[in-house]
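In: coords below, sequence missing:
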């Protein structure tokens, strides 16, 4: 299956949301299907102005059941607004629930790169900020999402920002910071925790 281009747009009184597919292909390889897509989501709102979100996705997947009531996704490799995403999952769609087992991670997101390529175009006030911070995020999921109860499966997530510096234009001394945070489910509810957070600059230290 190949698609060269597809463009879909929707408008409200003041906003426009559009999706432009530049390239899409699916091909068989053994019992797996290989997929690659490259697209742009485009938003034009009174709040943010014109915003373009580049998306590129590659993955291998298969349908283990003939009725397509499940899918196994392997080697998901994506980039969303310059943020790298990797993952894999096994999904089963049942009458009353969806069974999920898998994980997704952002192994290393360079904050400065994302700001330069994407964020600063739409938030000019960030132009005077620079940083060497790198964010790592990991989410693992194993269990059932029950439709009627809206209860979440078992989810464990962690986010890490190692020792890094933030510099503000016009201020000589940078801010040093690090953070470790986590999130997990209990009785179908998701809770988030900051395990460690340090920030310091001249004359101020926060722990």
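Out: Yes, it's here. All of these numbers come straight from a predicted model, not from anything done at the bench. Residues are numbered from 1 along each chain as shown.
In: any idea how far residue 202 lies from residue 175?
Out: The spacing between residue 202 and residue 175, counted by CB to CB, to the nearest Å, is 10 Å. Just so you know, the C-beta spots here come from the backbone N, C-alpha and C atoms, and that holds for glycine as well.
In: settle it for me: which of these two has more neighbours?
Out: residue 175 (17 against 10; other CB atoms under 10 Å).
In: residue 166 contacts residue 131, correct?
Out: Yes. Residue 166 lies in contact with residue 131 (CB atoms under 8 Å); the separation is 4.6 Å.
In: shaky segments in the chain?
Out: Residues of the chain that meet the criterion pLDDT under 70 lie in 46-49, 122.
In: sheet partners, orientation included, of the helix or strand harbouring residue 106?
Out: Element membership of residue 106 [criterion: DSSP states H and E] is strand 97-110. Its sheet considered, strand 97-110 pairs with strand 83-93 (antiparallel), strand 134-146 (antiparallel) by DSSP bridges.
In: neighbours of the nearest residue to residue 26 once chain neighbours are set aside, how many?
Out: Of all residues not flanking residue 26 in the chain, residue 1 sits nearest, at 4.4 Å (CB to CB, 6 or more residues apart in numbering). Using other CB under 10 Å, residue 1 has 9 neighbouring residues.
In: identify the residues contacting residue 28.
Out: Residues near residue 28 by CB atoms under 8 Å, 6 or more residues apart in numbering: residue 34.
In: and the helices in this structure?
Out: Listed in chain order, the helices of the chain (DSSP state H) span 111-114, 120-122.
In: okay, and the beta partners of residue 43?
Out: Counting by DSSP bridges, residue 43 forms beta bridges with residue 17, residue 51.
In: that one reaches residue 20, doesn't it?
Out: No. If you go by CB under 8 Å, residue 43 and residue 20 don't touch, sitting 12.0 Å apart.
In: one step back: ok now the strand holding residue 106, how far from the chain's centre?
Out: Distance, stretch centre to chain centre, for strand 97-110: 9 Å (CA atoms, centre = their mean, to the nearest Å).
In: return the set of buried residues in that strand.
Out: For strand 97-110, the neighbour count (16 or more other CB atoms under 10 Å) marks 97, 100-106, 109-110 as buried.
In: identify the residues contacting that strand?
Out: With CB under 8 Å, 6+ apart, strand 97-110 has contacts from 73, 76, 83-92, 134-147, 153.
In: from the residues you listed, list the buried ones, please.
Out: By neighbour count, with 16+ other CB under 10 Å, the contacts of strand 97-110 hold 73, 76, 83, 85, 87-89, 92, 134-135, 137-141, 143-144, 153 as buried.
In: pull the number of nearby residues for residue 193.
Out: Per other CB under 10 Å, the neighbour tally for residue 193 reads 9.
In: name the nearest residue to it, sequence neighbours excluded.
Out: Counting by CB to CB, 6+ apart, residue 182 is the residue found nearest to residue 193 once chain neighbours are left out, at 5.3 Å.
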